[in-house]
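[1] show me the folded form of this:
(chains A, B, C and D)
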There are 2 protein chains.
Amino acid sequence: MPRRPTLRDVATRAGVHQATASRALNPALPGRVTAATAERVRAAARELGYVPDPTARSLRTRRSGVVGVVVPDLANPVLPPIVRGIERVLWSAGLACLLADTDNDPEREAVHVAELRARRCEGLIVATAARTSPTVSDLLGAELPAVLVTREIDGGGLPFVAADDAAGTAAAVAHLVALGHQRIAHVTGPLDLSTTMTRLEAFRAALVSASLPLVESLVVHGDAFTTAAGERAAERLPGRAFTAIVAGNDMIALGVIAALRRAGVRCPEDVSVTGHNDMPLVDRVDPPLTTVAIPQDEIGAAAARLLLERIDGGGGADASGGAAPAGRADTADADAPPRVLLPTRLIVRASTAPAR
Amino acid sequence: MPRRPTLRDVATRAGVHQATASRALNPALPGRVTAATAERVRAAARELGYVPDPTARSLRTRRSGVVGVVVPDLANPVLPPIVRGIERVLWSAGLACLLADTDNDPEREAVHVAELRARRCEGLIVATAARTSPTVSDLLGAELPAVLVTREIDGGGLPFVAADDAAGTAAAVAHLVALGHQRIAHVTGPLDLSTTMTRLEAFRAALVSASLPLVESLVVHGDAFTTAAGERAAERLPGRAFTAIVAGNDMIALGVIAALRRAGVRCPEDVSVTGHNDMPLVDRVDPPLTTVAIPQDEIGAAAARLLLERIDGGGGADASGGAAPAGRADTADADAPPRVLLPTRLIVRASTAPAR
DNA sequence: TTGAAAGCGCTAACAA
DNA sequence: TTGTTAGCGCTTTCAA
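    Got it, this is the predicted structure:
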């Protein structure tokens, strides 16, 4: 059986020592080789169809060439474009992506992260971070480079990439205020996610800066970023005390609209609703959703670039595959982990209308 | 620096030889060890926080513990649930998923597959197979186990898992016929995909079995599974020669509906439209889409199970994580690669109505 | 049942 | 510049 050719085979064929062959095939090495030898070795490798064994190389170099990507639920439409961005940048830097889906289960998060570490991932991109996730907190002290996406833990301490949700929410509120809405409700996402808190705080701040009163009964919490959670939460909103609703994300917005409709309240004639994320197809639902668009692909790409930097001071590869991040990065403390917040854009569609 | 403990450390601590430690930690081995020794070793491992190095193990066993998953475009809403199904089954069998997105580019498909092979993947799940993809055809002779999902190459020869699209399309046509439609058009997907051909042939067969004439001008081809392609294709449909349209998939259906609307044709009052896949949110678009639902998660899970079988006669792990596939599997030839077609379900919503 | 020894394929010191 | 040697951490014959 013709086993896969090894470096030794190549060396023999080229009439050099194995180590020389290794050097010849490995570009950018201090102890270089003659152009002639290098060519001979490369020719031999080509003829033999030599492909280096990444396992053996990893064992020696202690670099697996693999990065772990941990997501809460790939079926959530926000994530796939982010994962694509991550994947594109990482592959072009020569790193492969091990995908792990936790199904929103903290226990599976722990298991998967442990497994990923055991497999000697060179870094982790984590999109599952609940605010108090012990699994993610443990990454703080770890030698393993990690970057959080979309969700971060309380207290920070880890590099973080997301959309500028605060600005996005502020824009949504401003839009509603401009339409004449005075009593604006907020249906949040789960309280254990930083995303929720960021949007909630921005919502409150926006009301204040518009000189609108904060009515706590107009803030209700969804227990998940799903339409079902949106429906349940909407039912807890007080009667007709509001004319507009800022939803924690698009799924919640759709649930809210469905619940309103069931209660005989029309959107946008009676109540305006805004979403967040600009998920695929929300431009075609009924009514087309006014929402805050986030640069998903760019978020993934930026996270990947950040991780590449952490893995090796920018070296390793070109890390191209996307434009440079255009967001604002906190540079308050030179030693503080970077926080990259990418710009959002309010997309006005038909789910918002002037207040009656 | 306290490096990660090695098996040797465990052995030393337990007072046994490294090989013994290896045997003790490795369950289900022929040459077993004393219960006492095993316990001592396990204790030592626990105390030291020993985690075996998968790289070293791979080098020795020639098993990487990794499977490659190649997708055309993760942003396509059909795929994420399939990938989830794959991921769940594979992880529970102890295999990790390397994700590769080709962005619908045959060249990137070739590069990624080569890279995945170089990385010693134990198997491949491929969702990118164009009908004549040379990259995928090369897998035919390869020793590397591979399973195709959703799309297969002409001539077959590789294990394949998909929804029973023919039955689904037949159901859609039957539904329209039952509503009184006689002139039914079909907007297909790209002709280089088996998915398209399967649905197209089923469409024709369904017309025949309903004793309806085949009007070739009523079949137009979209060049992608996107709304834009659907819009463009719909514009090539002849005036008012039809009362219903079977779309190649949901995205195309939505494009078709948009194009119709722009031309002043209402759906479903003037023309009924059906989709395929039952993507997220198509129940909330305007009008809610009548479509053929496919068991995405189950498709992924079945593909993963098939791959596990190929990798090692079903051994390796329990491969649980989903119900057994309920679809029909071609068992014509015992040696022929399995073809698993999972049942579809027609979901009737508001985009279809009785013919005028 | 356990220990000894070899080696998976590669890279990195060190020597020549 | 090239060759020698060693060894990454593990599994697996082969002996004892």
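[2] what about A:Val250, how many residues nearby?
    Residue A:250: Asp, not Val. 27 (other Cβ atoms under 10 Å in any protein chain shown). Where you see a C-beta, it was placed from the backbone N, CA and C, and this is true even at glycine.
[3] and the residue lying closest to it once chain neighbours are set aside, how far from A:Arg349?
    Nearest residue to A:Asp250 in three dimensions, chain neighbours excluded: A:Gly275, at 3.8 Å (Cβ to Cβ, 6 or more residues apart in numbering or on different chains). Computed with Cβ to Cβ, to the nearest Å, the distance linking A:Gly275 and A:Arg349 is 9 Å.
[4] neighbour count: those two, which is higher?
    A:Gly275 (30 against 18).
[5] hmm, A:Gly255 and that one touching each other?
    No: with contacts defined as Cβ atoms under 8 Å, A:Gly275 does not count as touching A:Gly255, sitting 10.4 Å away.
[6] strands of the stretch 201-350 of chain A, residue ranges please.
    Applying DSSP state E, counting those that start in this stretch to the stretch 201-350 of chain A gives strands spanning A:219-221, A:244-247, A:272-277, A:290-293, A:328-329, A:339-342, A:345-347.
[7] mind checking which of those is nearest A:Ala210?
    Proximity to A:Ala210 (Cβ to Cβ) singles out strand A:244-247 among these, at 11.9 Å.
[8] which strands border that closest one, and is each parallel or antiparallel?
    strand A:184-188 (parallel), strand A:272-277 (parallel) (DSSP bridges).
[9] pLDDT-wise, which helix or strand of chain A ranks last?
    For chain A, using mean pLDDT, DSSP states H and E, the weakest element among its helices and strands is strand A:328-329, scoring a mean of 58.
[10] does any part of stretch A:86-103 sit near chain B?
    Yes: counting by Cβ under 8 Å from any Cβ of the partner chain, chain B has neighbours in stretch A:86-103: A:Glu87, A:Arg88, A:Trp91, A:Ala96, A:Cys97, A:Leu98, A:Leu99, A:Ala100, A:Asp101, A:Asp103.
[11] which residues does the residue positioned nearest the centre of chain A bridge with?
    Nearest to the mean C-alpha position of chain A, by Cα atoms, centre = their mean, lies A:Val149 at 3.8 Å. Here A:Val149 sits in beta bridges with A:Val161, going by DSSP bridges.
[12] okay, and the common contacts of A:Gly275 and A:Arg349?
    Shared contacts of A:Gly275 and A:Arg349, defined by Cβ atoms under 8 Å, 6 or more residues apart in numbering or on different chains, comprise A:Leu289, A:Thr290, A:Thr291.
[13] with distance to B:Ser133, pLDDT and neighbour count as extra columns, can I get the residues you listed in CSV?
    Below are the shared contacts of A:Gly275 and A:Arg349 laid out as CSV (distance: Cβ to Cβ, whole Å; pLDDT from 0 to 100; neighbours: other Cβ atoms under 10 Å in any protein chain shown):
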residue, distance to B:Ser133, pLDDT, neighbour count
A:Leu289, 38, 98, 30
A:Thr290, 42, 98, 25
A:Thr291, 38, 98, 29
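[14] DNA strand D: which of those is nearest?
    Nearest to DNA strand D among the shared contacts of A:Gly275 and A:Arg349: A:Thr291, at 49.8 Å, using Cβ to the nearest atom of the strand.
[15] which neighbouring elements make contact with the host helix or strand of A:Met197?
    Assigned by DSSP states H and E, A:Met197 falls within helix A:194-209. If you count contacts as 3 or more Cβ pairs under 8 Å, 6 or more residues apart in numbering or on different chains; DSSP states H and E, helix A:194-209 packs onto helix A:165-178, strand A:184-188, strand A:219-221.
[16] deepest in the core, which of these is it.
    Counting by mean count of other Cβ atoms under 10 Å in any protein chain shown, strand A:184-188 has the highest mean neighbour count of those, with a mean of 26.
[17] the inter-axis angle of it versus helix A:194-209?
    Orientation check (axes from the mean of the first three to the mean of the last three Cα atoms, to 10 degrees): strand A:184-188 against helix A:194-209 gives 170 degrees.
[18] mind saving the C-alpha coords of strand A:184-188 as CSV?
    Taking C-alpha atoms only, strand A:184-188 is exported to CSV below (Å, rounded to 0.1, in the frame of the first residue of the first chain):
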residue,chain,number,x,y,z
ILE,A,184,-42.4,54.4,24.4
ALA,A,185,-42.2,50.9,25.8
HIS,A,186,-39.2,48.5,25.7
VAL,A,187,-39.3,44.7,25.4
THR,A,188,-35.9,43.6,26.3
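[19] just the mean pLDDT for it, thanks.
    Here strand A:184-188 scores 98 as its mean pLDDT.
[20] can I get the strands paired with strand A:244-247 in TSV including distance to DNA strand D?
    Listed next are these as TSV, based on distance: least, Cβ to the nearest atom of the strand, whole Å:
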stretch	distance to DNA strand D
strand A:184-188	46
strand A:272-277	43
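[21] the residue nearest to the centre of chain A touches A:Val126, doesn't it?
    Yes: using Cβ under 8 Å, A:Val149 is in contact with A:Val126, at 6.9 Å.
[22] may I have the phi/psi pair for A:Pro80?
    The phi/psi pair for A:Pro80 (degrees, to the nearest 10) reads phi -50, psi -40.
[23] and whichever residue of the stretch 151-300 of chain A sits closest to DNA strand D, how many neighbours?
    Closest residue of the stretch 151-300 of chain A to DNA strand D, Cβ to the nearest atom of the strand: A:Leu158 (26.6 Å). Residues lying near A:Leu158 (other Cβ under 10 Å) number 22.
[24] and it, which of the three is it?
    The three-state label given to A:Leu158 by DSSP: H, G, I helix; E, B strand; the rest coil is coil.
[25] thinking it is in contact with A:Leu144, fair?
    No: using Cβ under 8 Å, A:Leu158 makes no contact with A:Leu144, being 11.0 Å away.
[26] what's the nearest residue to A:Gln296 if we skip its chain neighbours?
    A:Pro81 (3.7 Å).
[27] I'd say that neighbour and A:Pro295 touch.
    No: A:Pro81 is not in contact with A:Pro295 according to Cβ under 8 Å; the separation is 9.0 Å.
[28] show the contacting residues for the residue of the stretch 251-356 of chain A found nearest DNA strand D.
    Closest approach between the stretch 251-356 of chain A and DNA strand D, counting by Cβ to the nearest atom of the strand: A:Ile311, at 19.0 Å. By Cβ under 8 Å, 6+ apart, the residues touching A:Ile311 are A:Val67, A:Leu95, A:Glu122, A:Gly123, A:Pro145.
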